[in-house]
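Pasting the sequence and the predicted model now:
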Amino acid sequence: MWCWSHPGGRELRRFDTGPPRVRAVTMEGETLIVGDGYGTFRRFNRQGRQIGGDFALADNLYDIEGIHLDPDGAMLLVGDDPAFLVRLDAERRETHRIAGETVDPPMTEPQGIARDPVSGNILVIDDNEGLNAIFEFTADFALLSVTPLSERAATRRRWRCSRRPASSSSATTGASGSKSLTGCPRGRASPSRSISARPARSADAAHPA
């Protein structure tokens with residue numbers, strides 16, 4: 001089920017999307033793209049009628065929990081089984097990937113994603129119990145900060161990595177040219193807690209042709 005809402009919160013339209021749940025949504029012009037969390041997507045017009053058949057964004061991406069569409073047609077995706085942040089270009093080729101467990105602190109349950117309209121940075125919501133945080137990455141997937149949101153985590157300090165070139169992060173480049181980053185760039189944390197990258201772990205990410 002999905003509903004269009006007025007910016008003030010008033011419901012404008014409600015319709016059945018078919019799948020038992022809706023986990024990821026984004027707009028593509030006047031078209032709504034809806035994902036069921038299992039890798040299957042559907043397009044709908046504003047009247048709630050499905051456009052075309054079901055489709056997948058990539059053969060190796062299934063548990064997609066959040067999606068953001070850039071103006072150039074590229075897509076940012078997050079999922080939590082296993083946890084990942086992925087960028088697909090307009091041709092749906094994977095160009096960047098981060099495994100959630102390689103980030104420090106770990107990004108274990110990313111559920112939503114957006115891009116800051118001013119800075120262009122990537123914002124990922126992680127609803128891991130006990131942290132509930134916003135992970136902020138540069139456009140090149142370098143971790144900038146982790147901001148706890150939950151009451152339990154509110155007493156913790158805000159972790160911030162000193163921004164350094166993406167090349168200072170552990171990275172793996174696949175045959176297709178996609179780059180996998182493994183953690184936060186080494187540097188000093190602000191205000192006083194130091195964050196350093198965990199030892200690099202092998203990235204066996206599959207990249208669509």
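Sure, I can see it.

Okay, now the unreliable bits of this protein?
Low-confidence segments of the chain, defined by pLDDT under 70: 1-9, 19-20, 129-131, 151-209.

Report the residue ranges of every domain in the chain.
Domain ranges of the chain: 1-56, 73-201, per automatic domain parsing.

what about D70, neighbour count?
Neighbour count for D70, taken as other CB atoms under 10 Å: 15. The C-beta positions use only the backbone N, C-alpha and C, and glycine is treated the same way.

Could you do A139 as well?
Neighbours of A139 (other CB under 10 Å): 16.

Find the nearest non-adjacent residue to it, please.
Closest residue to A139 apart from its sequence neighbours, by CB to CB, 6 or more residues apart in numbering: G120 at 5.2 Å.

if I look at the one you found, how far off is F135?
15 Å (CB to CB, to the nearest Å).

what about the two, which has more around it?
F135 (26 against 10).

Assumed that one was part of a strand.
Yes - according to DSSP: H, G, I helix; E, B strand; the rest coil, F135 belongs to a strand.

I'd assumed V124 was in contact with it.
Yes - taking contacts as CB atoms under 8 Å, F135 lies within contact range of V124: 4.4 Å.

Next, show the common contact partners of these two.
Common neighbours of F135 and V124, counting by CB atoms under 8 Å, 6 or more residues apart in numbering, are M107, P110.

what's the distance between I51 and L32?
From I51 to L32 the distance is 9 Å (CB to CB).

meant to ask about Q47, not that
In terms of CB to CB, Q47 sits 11 Å off from L32.

More neighbours: these two, which one.
With neighbours defined as other CB under 10 Å, Q47 and L32 compare such that L32 has more, 21 against 7.

Not counting its neighbours along the chain, what's nearest that one?
Nearest residue to L32 in three dimensions, chain neighbours excluded: F44, at 4.6 Å (CB to CB, 6+ apart).
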